[in-house]
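S.K.: Here is my input; please provide its structure:
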Amino acid sequence: MIELQEVSKSFGDVVALSRLTMSATDGQVTGFLGPNGAGKSTTLKLIMGEIRPDIGDVSVFDEDPFNNALLKKRIGYVSEHDDLYPWMKGKQFVRSLARLVLPREQAETAAKEALSKVGLGVKGKRIGAYSKGMKQRLKVAAGIAHHPDLLILDEPFGGLDPLGRREMKQLVSELNQQGVTVLISSHILYELDEMSTRMVLIHRGQALAEGPPTEILNLIDQFPHQILFQAPPTELHTLSKLLIEEDIVKSITFNKEKEREDLVVITETPTTFYPVATRIIAENGLLIKHLESQTDNIEAIFDYLT
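M.R.: Residues are numbered from 1 along each chain as shown. Take a look at the predicted model:
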């Protein structure tokens, strides 16, 4: 359904992609993973037909996506940025985007259905009062209102707390079960492994690996992972105690900076760690404000694979 063959793209002296070959299969959730600056955004722009490759071929549904208005109607896109209008209400925003593709009456119905599908319903308050999680769901609703065959999600977990990330994963899985093919990009591997049926790893503009998540995970599980948690001190201390009891961490460090305290965990079994940590947080109602894999280690993982 999506095919890139020997694709290269440069912007001036900057080489964004170099002979990239990758694919995404119809009916599946394809995780598109790479560190920041790896070429993910350039690849997505090529798939959506916003730019042309310098060399190579890009095909979506067996068509050239560049300047292809009819093909764009089959694609839904959710940006990593909050490209929202805070003075609008949720249904008004989704409906206005659906009107780009659908007649007025159909757009009204489609907006209601999309909001219901993502668990928002028809909210009366303005977007400016939405939480981060609600905004992410609203963007997904806008991306699926016109019933696309392909949904592209660009870093949809950004800014979400662990519970919000869990809900987003469930939403993606539900949409896929309803027949939507999904391509989802992230720089955090373990946000994608549970929901993806296929994964593509990109680094420095080239595909490093492509295949089922189990094969990809086997490549990197031996590399230690460092995870940062931010929360009130009492929550962090509770979390650290529970993680130690599960025997899934190599080391735990508390970093204090003025009024803030961070918890840094190193694990050598990331495949086990992430679902267990999410379960612990959910079951104990811990107020984790922020969780992320440390960028330096993500970069190191990819350097390690090369």
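
S.K.: for stretch 27-38, how far is the first residue from the last?
M.R.: Stretch 27-38 has an end-to-end distance of 26 Å (criterion: Cα to Cα, to the nearest Å).

S.K.: What residues of that stretch count as buried?
M.R.: 29-35, 38 (16 or more other Cβ atoms under 10 Å). Backbone N, C-alpha and C define where each C-beta goes, glycine included.

S.K.: Run through the residues that contact Leu160.
M.R.: Going by Cβ atoms under 8 Å, 6 or more residues apart in numbering, Leu160 touches 132-133, 136, 168.

S.K.: Nearest to Gly12, out of the residues you listed: which one, please.
M.R.: Nearest to Gly12, judged by Cβ to Cβ, of the contacts of Leu160 is Gln136 at 33.3 Å.

S.K.: So which residues make contact with the helix or strand hosting the closest one?
M.R.: Taking DSSP states H and E as the definition, Gln136 sits inside helix 132-144. Residues outside helix 132-144 that contact it (Cβ under 8 Å, 6+ apart): 76-79, 82-84, 90, 93-94, 97-98, 111, 114-115, 117-120, 123, 127, 130, 151-153, 156, 159-161, 164, 167-168, 171, 175, 180.

S.K.: avg pLDDT for it?
M.R.: The average of the pLDDT scores along helix 132-144 is 90.

S.K.: Against which helices or strands is the helix or strand following it packed?
M.R.: On the C-terminal side of helix 132-144, the closest following helix or strand by DSSP H and E is strand 150-154. With contacts taken as 3 or more Cβ pairs under 8 Å, 6 or more residues apart in numbering; DSSP states H and E, strand 150-154 sits against helix 40-47, strand 75-78, helix 132-144, strand 181-186.

S.K.: Show the low-confidence segments of the stretch 101-250 of the chain, by residue range.
M.R.: 122-123, 190, 219-222 (pLDDT under 70).
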